[in-house]
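[1] Kindly generate the corresponding structure for this input.
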Amino acid sequence: MKRIIALILSALLLFSLVGCLGTNNKGTDDTDAPSLEEDEKPEWAMKSDNFTVTPAMMNYYFNTLYQQYSGIYSQMGLDTSKDLKSQPYNEGTWHDYFMEMTEDNVRQLLVLCEAAKAADYKLDDCYEHDHSADTLLKEYETYAKMYGISLNHFLESTYGEGVNAKVIKQCYEISTLASHYSEHIIASYEFSYEELEKYYLENNDSFENADYNLKSFRYIPFEKSYFNDNEEDAKEAAEYALATFQTNPTEERFAVLSDEYAFTSYRGGLVENVDKGAIGDEVDAWLYDSQRSFGDSQVITVDGKGSYLIYYIGNGDVKWQHQAKNALTNDRYTLEYAGLEKEHAVEYSEEGLSEVDVPLRNYKTA
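    Here you go, the predicted model:
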């Protein structure tokens, strides 16, 4: 369940701008289909007691999901050049399939937001507030200017009818609250060594070569894809960031520096309990050097990918203990979430959901 929520947020944080400028799956006709008058449009698509997802917000969630996975599903018969509603899939259409996934995701967000409100948990209570929406909107402004159109024109053409800057911020508020509250729940779980060992012994077939420490560190990626596939430019940018950091080489300063880069995820670039092979052999060699100590920092170039500025924190969990903890956590969280879902009802508006679709992607000026 934690993975599902993480995917929802990561889709919102890490969606590639290049993908949203791709193929038009509804043809090239610039003429909008007849639509309801503004005062006749449905006000909501899904809602709970205290939170509402409008059709425009649903469009954003739907199209973010679609744009993230359409490439994968193209290998399974999805034709991104055609209307999703015209393409059969399973017992329905591809539109039905993506709609079902979106509804499931949004239901989880609403349930978690209601649970957070009931627990008097607010975003201000989090370790740090996520400002990725503002960063992403600035990037979208750049693309809008390239086309000579307004930001909201670009957003609506990319994510669907009604999507504007305000809608994206509303989506981020709901998604971020849900994600942080999910993490808050999971952080409260504690398992004794005996519980972990019992799970390990009962499932040891899945714990091959798992008796070593994972690693925790902060990092800033300078992947070559951010620099027109120029590895030298990526390395130069990483070394400049390292020089900037070394004027005040503290973990707090690194976290702030990490958040200043638009292509970095939240939490100050912090990653914990990372296994070997996550980034590349060059990074593994540096992390697992016997001389490595807390506070070491280095630019590491991974052949074919780019450069990474890394700040070393130290050992994480032993791998088998981490795997056992994850499995037990997932079981407990799944059970707890099922209880929350019973406590917090979510309503659906067929009229509001019928407004959700892939946009025409018309980037032409009026």
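
[2] Which residue ranges of the stretch 1-150 of the chain form helices?
    Along the stretch 1-150 of the chain, the segments classed as helices by DSSP state H, counting those that start in this stretch run 2-14, 55-74, 94-118, 132-147.

[3] Next, give phi and psi for Gly162.
    Geometry field for Gly162 lists phi and psi as phi 90, psi -10, criterion degrees, to the nearest 10.

[4] Now do it, the pLDDT please.
    According to the per-residue confidence, Gly162 scores 96 in pLDDT.

[5] The one 3 residues further on now?
    Model confidence at Ala165, given as pLDDT, is 96.

[6] Same check on Arg267?
    With respect to pLDDT, Arg267 scores 75.

[7] quick one: low-confidence parts of this protein?
    Counting by pLDDT under 70, the chain contains low-confidence ranges at 1-39, 124-131, 262-266, 365-366.

[8] ok, longest strand in it?
    When the chain is parsed with DSSP state E, its longest strand is strand 306-318.

[9] Could I get the full set of strands for the chain?
    Per DSSP E, the chain carries strands over the ranges 46-47, 52-53, 88-89, 92-93, 213-223, 270-274, 297-302, 306-318, 347-348.

[10] Report all helices and strands that the longest one contacts.
    Contacts defined by 3 or more C-beta pairs under 8 Å, 6 or more residues apart in numbering; DSSP states H and E place strand 306-318 against strand 213-223, helix 231-245, helix 251-259, strand 270-274, helix 281-287, strand 297-302. Placement of C-beta: from N, CA and C, glycine included.

[11] What pairs with that strand, parallel or antiparallel?
    strand 213-223 (antiparallel), strand 297-302 (antiparallel) (DSSP bridges).

[12] just to revisit the earlier point, could you dump the strands of the chain to TSV with mean neighbour count?
    Formatted as TSV, these follow (neighbours: other C-beta atoms under 10 Å):
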stretch	mean neighbour count
strand 46-47	21
strand 52-53	22
strand 88-89	13
strand 92-93	14
strand 213-223	21
strand 270-274	17
strand 297-302	18
strand 306-318	21
strand 347-348	14
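
[13] Same list, these, but as TSV with distance to Leu112 please.
    Listed next are these as TSV, based on distance: least, C-beta to C-beta, whole Å:
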stretch	distance to Leu112
strand 46-47	14
strand 52-53	13
strand 88-89	29
strand 92-93	27
strand 213-223	26
strand 270-274	22
strand 297-302	35
strand 306-318	26
strand 347-348	16
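
[14] Which among the ones you listed is found nearest to Phe207?
    Taking C-beta to C-beta as the criterion, strand 306-318 is the member of the strands of the chain that comes nearest to Phe207, at 10.5 Å.

[15] gap between the closest one and the chain center?
    Relative to the centre of its chain, strand 306-318 is centred 21 Å away, using C-alpha atoms, centre = their mean, to the nearest Å.

[16] please renumber so the chain begins at 40
    Sounds good: first residue 40 from here, last item strand 345-357.

[17] now the angle from that strand to helix 290-298?
    Between the direction of strand 345-357 and that of helix 290-298, the angle (axes from the mean of the first three to the mean of the last three C-alpha atoms, to 10 degrees) works out to 130 degrees.

[18] what's the closest non-adjacent residue to Asn129?
    With C-beta to C-beta, 6 or more residues apart in numbering as the measure, Tyr136 is the residue that lies nearest to Asn129, at 6.8 Å, once sequence neighbours are left out.

[19] nearest to Tyr220, of the strands of the chain?
    Across the strands of the chain, the minimum distance to Tyr220, taken as C-beta to C-beta, is reached by strand 91-92, at 16.7 Å.

[20] Quick check: neighbours of the closest one in the sheet, parallel or antiparallel?
    Sheet neighbours of strand 91-92, with direction, are listed as strand 85-86 (antiparallel) (DSSP bridges).

[21] Show me what the partner strand is in contact with.
    When contacts are defined by C-beta atoms under 8 Å, 6 or more residues apart in numbering, strand 85-86 is touched by residues 91-92, 97, 142, 145-146, 149, 385-388, 391-392.

[22] which one of these sits closest to Tyr239?
    Distance to Tyr239, by C-beta to C-beta, is smallest for Arg146 among the contacts of strand 85-86, at 34.1 Å.

[23] residues near that closest one, how many?
    Using other C-beta atoms under 10 Å, the number of residues around Arg146 comes to 17.

[24] Excluding residues flanking it in the chain, which one is nearest it?
    Val385 (4.9 Å).

[25] Check whether the one you found really touches Gln147, as I assumed.
    No: using C-beta atoms under 8 Å as the test, Val385 is too far from Gln147 to be in contact (9.2 Å).

[26] Give the intersection of the neighbour lists for the two.
    Between them, Val385 and Gln147 share no contacting residue under C-beta under 8 Å, 6+ apart.

[27] JSON lines please, covering the helices and strands packed on strand 345-357 and showing distance to Glu212.
    Rendered in JSON lines, the data for these read as follows (distance: least, C-beta to C-beta, whole Å):
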{"stretch": "strand 252-262", "distance to Glu212": "26"}
{"stretch": "helix 270-284", "distance to Glu212": "30"}
{"stretch": "helix 290-298", "distance to Glu212": "18"}
{"stretch": "strand 309-313", "distance to Glu212": "22"}
{"stretch": "helix 320-326", "distance to Glu212": "34"}
{"stretch": "strand 336-341", "distance to Glu212": "34"}
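
[28] Please consider this matter closed, and thank you.
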